[in-house]
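Undergrad: Everything below, folded, please.
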Amino acid sequence: MKIGILQTGHSPDPLIAPLGDYDRLFENLLDGNGFEYGIFPVVDGVFPSGTEAADGWIVTGSRHGAYEDHPWIPPLEQLIRDITASGKPLIGICFGHQIIAQALGGKVEKFAGGWSVGRQQYMLDGAPVMLNAWHQDQVTELPEGARVLAGNDFCKNAIVAYGNNVWTVQPHPEFRPAFIKGLIDTRGHGVVPEPLLERAEDQLDAPVDNDRIAQFMAEFLKGKRSA
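TA: Numbers count the residues shown, from 1 in each chain. Take a look at the predicted model:
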């Protein structure tokens, strides 16, 4: 089974060699499932020929805003609508979560409440799930028909589903502690409030539920689970 990774951003340069670019983070997260990958760095203007280029799709995170004026955003939104209509499984993470909502008629904004950084708790199916976050933007208005599956007081629309084939998550199941530490060092200071960075760094060794979410993602991409 081939998974198309629509890469909408890149890891900070100092992190690429030791930890991997965004595409590699997802390959590592889903390792052991027998997937093949097609990597499409849409952020650099490289797009697939169409929805037939892969059996399932992932839209990655990005340091860009979904609402920003970049030439690659409108064609990405159209591709998202095409994949949604095709019935193929589509997963969005962070920026991917946001751009899918925007492409389907929702609204994304720089959240007035500020940043969410590091280990966060969300309620999913009545039980807590712990995942690393790194975002200021949020989905503030959902498209028609969207279903909220998980959230918390800071980020109410943290996991969202559309129909049976589109599933999106605001935090990052692909971010492990070393990557969060790298983001703190390369993109955090002077941008994110220091108390939030200190809290995130203090909790680097606390457990997160990446593996639980990775198992769901793999089953979803294989068609064994619906959104």
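Undergrad: Residues in a beta bridge with the residue nearest the centre of the chain, which ones?
TA: Averaging the C-alpha coordinates of the chain gives a centre point, and the residue nearest to it by CA atoms, centre = their mean is I93 (1.0 Å). Residues in a beta bridge with I93, per DSSP bridges, are V169.
Undergrad: from what I can see it touches L30, true?
TA: No: I93 sits out of contact with L30 when judged by CB atoms under 8 Å, with a separation of 11.9 Å. The C-beta positions use only the backbone N, C-alpha and C, and glycine is treated the same way.
Undergrad: what's in contact with the longest helix anywhere in the chain?
TA: Of all the elements of type helix in the chain, the one with the most residues (DSSP state H) is helix 73-86. Outside of helix 73-86, the residues that reach it under the criterion CB atoms under 8 Å, 6 or more residues apart in numbering are 6, 8, 42, 47-48, 50-51, 57, 59, 66, 90, 99-100, 102-104, 162-163, 165-166.
Undergrad: Can you mark which positions in that helix are buried?
TA: 73, 76-77, 79-80, 83-84 (16 or more other CB atoms under 10 Å).
Undergrad: Among those residues, which one lies nearest to E36?
TA: For the buried residues of helix 73-86, the minimum distance to E36 (CB to CB) is 17.6 Å, reached by I83.
Undergrad: so what's that closest one scoring on pLDDT?
TA: I83 carries a pLDDT value of 98.
Undergrad: residue boundaries of the strands in this structure?
TA: Using DSSP state E, the strands found in the chain span residues 2-6, 36-40, 56-59, 90-93, 107-110, 116-124, 127-135, 137-141, 147-151, 159-162, 166-169.
Undergrad: partner strands of the second one, parallel or antiparallel?
TA: Sheet partners assigned to strand 36-40 using DSSP bridges are listed as strand 2-6 (parallel).
Undergrad: Against S49, how distant is the residue nearest to the centre of the chain?
TA: As defined by CB to CB, to the nearest Å, I93 lies at a distance of 23 Å from S49.
Undergrad: go on, A66?
TA: Distance, A66 to S49, using CB to CB: 24 Å.
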